[in-house]
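> Sharing a model prediction with you, sequence too.
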Amino acid sequence: MDGEKLRVEVDQTFGSFHVLDRLNFSVKENEFLCLVGPSGSGKTVLLQVIAGIVPPSKGKVTMDSELVNPRHHKLGFVFQEPSCLPWRTVWDDVKFGLEIRNFGEKEIARKVSRVLEVVGLTGFEKYYPYQISGGMKQRVALARALVTDPDLLLMDEPFGALDAQTRYFMQIEAQRIWEELKTTVVFVTNNVEEAVYLGERILVLSPPPAQIRAEIPVDLPRPRDLTDKNFLDLRRQVTSYYEVEL
Ligand SMILES: Nc1ncnc2c1ncn2[C@@H]1O[C@H](COP(=O)(O)OP(=O)(O)OP(=O)(O)O)[C@@H](O)[C@H]1O
């Protein structure tokens with residue numbers, strides 16, 4: 001496929017439990033792909049398989065036509081629970097991923113300061129996690145993932161633990177950041193509106209053994225308008241697949 005970044009062809013079982021049923025899809029370079037599906041449908045497992053953390057029972061995941069390997073490919077993660085290191089300031093937390101990659105001090109300073117600007121944390125460099133809000137902690141997590149210029153950014157319900165208003169604000173920010181950096185993103189969410197707001201394409205997973213129930217391109221101009229008729233029509237369409245058999 002033209003511009004294909006990631007190809008996923010996997011089947012996953014744990015003992016006798018069949019979680020992912022012959023999933024087969026690809027992600028284009030710079031694409032923002034959203035995965036939605038009911039709780040327990042295997043979205044987190046799928047991200048773990050994509051990242052090479054869990055080896056697939058059958059099949060393979062390739063990035064740029066090579067088997068995915070966390071040692072060779074730069075993968076960024078953002079999880080649902082903000083995972084700031086309590087003893088590190090925002091600055092030190094974000095630079096952690098660069099320190100272990102042996103970047104020089106000057107290069108680290110340049111990259112960290114740039115990424116903090118991108119996620120809107122300039123001015124908060126010296127703050128500790130207990131001094132910042134949940135939304136800001138997720139910005140730190142995002143900055144930590146972005147600072148290494150990942151080939152692929154995997155986001156697992158990153159805004160799921162935030163209150164509704166902060167979540168909405170972070171969606172606006174995520175869209176802005178993606179438009180600026182054009183990183184390839186696989187974004188897992190339970191929230192259909194969030195998927196239509198952010199994704200260029202949405203895959204709807206069924207309950208386990210999970211198959212792709214629908215693949216829906218989101219061809220709406222950005223920034224998207226939650227009240228626009230086309231937005232609401234698409235949201236309804238995705239929801240109709242999502243709710244079958246729930
Ligand atoms: N290592 C494992 N061994 C056995 N079963 C597992 C393992 N990892 C996940 N599972 C099971 O796989 C199923 C899918 O879990 P997963 O967390 O991927 O779902 P999910 O779609 O991300 O759910 P949620 O939206 O609630 O986070 C669950 O029933 C879970 O218990």
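It's in.

> List, one by one, the residues from the protein near the ligand.
Within reach of the ligand by Cβ under 6 Å from any ligand atom, the chain has these residues: Phe14, Phe17, Val19, Gly37, Ser39, Gly40, Ser41, Gly42, Lys43, Thr44, Val45, Asn190. Every residue, glycine included, has its C-beta placed from N, CA and C.

> The residue nearest the centre of the chain: what's it in contact with?
The residue lying closest to the centre of the chain (Cα atoms, centre = their mean) is Met155, at 2.2 Å. By Cβ atoms under 8 Å, 6 or more residues apart in numbering, the residues touching Met155 are Phe77, Val78, Val185, Val186, Phe187, Val188.

> ok but it is inside a strand, no?
Yes. Assessed by DSSP: H, G, I helix; E, B strand; the rest coil, Met155 belongs to a strand.

> Lys137 touches Pro82, doesn't it?
Yes. Between Lys137 and Pro82 there is a contact under Cβ atoms under 8 Å: 3.4 Å.

> Between these two, which contacts overlap?
Shared contacts of Lys137 and Pro82 (Cβ under 8 Å, 6+ apart): Pro129.

> Which stretches in the chain count as helices?
Applying DSSP state H to the chain gives helices spanning 43-50, 90-99, 105-118, 134-146, 164-181, 192-198, 229-243.

> Redo these as a markdown table? Include mean pLDDT.
Below are the helices of the chain laid out as a markdown table (pLDDT from 0 to 100):
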| stretch | mean pLDDT |
| --- | --- |
| helix 43-50 | 95 |
| helix 90-99 | 90 |
| helix 105-118 | 92 |
| helix 134-146 | 91 |
| helix 164-181 | 89 |
| helix 192-198 | 96 |
| helix 229-243 | 92 |
